[in-house]
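Colleague: just to be clear, the model below is a prediction. Sequence and coordinates:
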Amino acid sequence: MSGGDPITLADVLAARARIAKDAVRTPLVPSIFMTQKSGRDFLLKLEIAQPVGAFKIRGAANAIARLPAETQGVVCCSTGNHGRGVAYAARARGIRAVVCMSSLVPQAKVDGIRALGADIRIVGRSQDDAQAESSRLCAEEGFVEIPPFDHADVIAGQGTIGLEMLEDRSDIASLLIPLSGGGLAAGVALAAKAINPKIRTIGISMDRGAAMVASISAGRPVEVEEVASLADSLGGGIGLHNRLTFDLCRDLLDETVLVGEADIYNAMQVVYHEERIVAEGAGVVGLAAVLSGKVALPEGPAATILTGRNLDMPTFTRIVSGKAVTLGNTLLEGRRYGA
């Protein structure tokens, strides 16, 4: 794909072949609990089963696979999972990786990326600060940047998720997609609607600092304040000069929905106690939207993507035990599951 060419289903199909050695085809499994709660077949796409614990390996591996053979190093900014994907794919090809992150990224995610052999740069308190350092390394030290979302190869790689979901269940009527910078939502919606134009695609984000939702509402990319959230992987801006994901999400998402921290807390408890699954707050926002009654699903099967499992385990333990958690300067009250 060149910079000006539209991304198509053919690009997603090509990405699937390209990333086969790095990313696994993850299961799409039914949730009895969510089926009962939603009144329709409800399916979970388990991207938590990826080698790096999150879907980001798909886009990162596709982008790195298309780099010139002489490439010596790559750099990215990340809220955690993209950095793991870049570090994993770069190490597999013997390429140096530098990952730039803000101080809001949980230490567990920083440690996970470092364990994969990447160099770490902690810069500022926002994704924009981390992006500035990533851009500097490209300009001054010759690294090739692998953006976390606004990149055609990254979008096509994430789109393989939608391809797999519709191949496994062609009758899916609605997709609830975690929404941040839009690489996942754009890729999945593009692939799904190419296969079934009638499918309903719903982007879900947290109700504080949802940059893509705010940008779609404003009709242009806008900046938002980045705050601590249980869905920390959904934090960060989309870039005021966004080239691809803003237009794709605006055009391909039928609806966007915001959920609160208490909704995410509850959904993390549900997926653990009912499904026996450990999942990040960002990965359960689709469940949170349904359980909180903030989205109305059409008739027919619904599905969401459990995008990752790379979370701070002490915080997760507090949540599933029903204890309060601190998010920045905010105390989120606990609630024992089932009480």
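Modeller: Sure, I can see it. Numbers count the residues shown, from 1 in each chain.
Colleague: so which elements touch the longest helix along the chain?
Modeller: Criterion DSSP state H: the longest helix present in the chain is helix 152-168. The contact analysis (3 or more Cβ pairs under 8 Å, 6 or more residues apart in numbering; DSSP states H and E) places helix 152-168 against helix 9-18, strand 28-30, strand 42-46, helix 57-65, helix 183-195. To be clear about C-beta, it is placed using only N, CA and C from the backbone, and glycine gets the same treatment.
Colleague: all strands of the stretch 51-200 of the chain, in order?
Modeller: Along the stretch 51-200 of the chain, counting by DSSP state E, counting those that start in this stretch, strands occupy 73-77, 96-101, 119-122, 144-145, 174-178, 200-206.
Colleague: what distance do you get for the closest residue to Gly80 other than its chain neighbours to Gly85?
Modeller: Nearest residue to Gly80, sequence neighbours excluded (Cβ to Cβ, 6 or more residues apart in numbering): Lys109, at 3.2 Å. Counting by Cβ to Cβ, to the nearest Å, the gap from Lys109 to Gly85 is 12 Å.
Colleague: checking the residue nearest to Ala49 when sequence neighbours are not counted next. Helix, strand or coil?
Modeller: For Ala49, ignoring the flanking residues on the chain, the nearest one in space by Cβ to Cβ, 6+ apart is Thr26 at 4.8 Å. Assigned with DSSP: H, G, I helix; E, B strand; the rest coil, Thr26 falls in the coil class.
Colleague: isn't Thr26 up against Glu47?
Modeller: Yes - between Thr26 and Glu47 there is a contact under Cβ atoms under 8 Å: 5.4 Å.
Colleague: tell me, what's touching those two both at once?
Modeller: Here Thr26 and Glu47 have Ile161 as joint contacts, going by Cβ atoms under 8 Å, 6 or more residues apart in numbering.
Colleague: please say which of the two ends up with more neighbours.
Modeller: Glu47 (28 against 21; other Cβ atoms under 10 Å).
Colleague: look up how far Gly142 lies from the more buried one.
Modeller: 33 Å.
Colleague: okay, strands next: where are they in the stretch 201-339 of the chain?
Modeller: Counting by DSSP E, counting those that start in this stretch, the strands of the stretch 201-339 of the chain are 255-259, 302-306, 325-327, 330-332.
Colleague: pick the most deeply packed of those.
Modeller: Per residue and on average, the most neighbours among the strands of the stretch 201-339 of the chain fall to strand 302-306, with a mean of 28 (mean count of other Cβ atoms under 10 Å).
Colleague: got the angle between that strand and helix 152-168?
Modeller: 130 degrees (axes from the mean of the first three to the mean of the last three Cα atoms, to 10 degrees).
Colleague: if we ignore the residues flanking it in sequence, what's nearest Ile48?
Modeller: Ile48 sits nearest to Arg309 (Cβ to Cβ, 6+ apart), 4.0 Å away.
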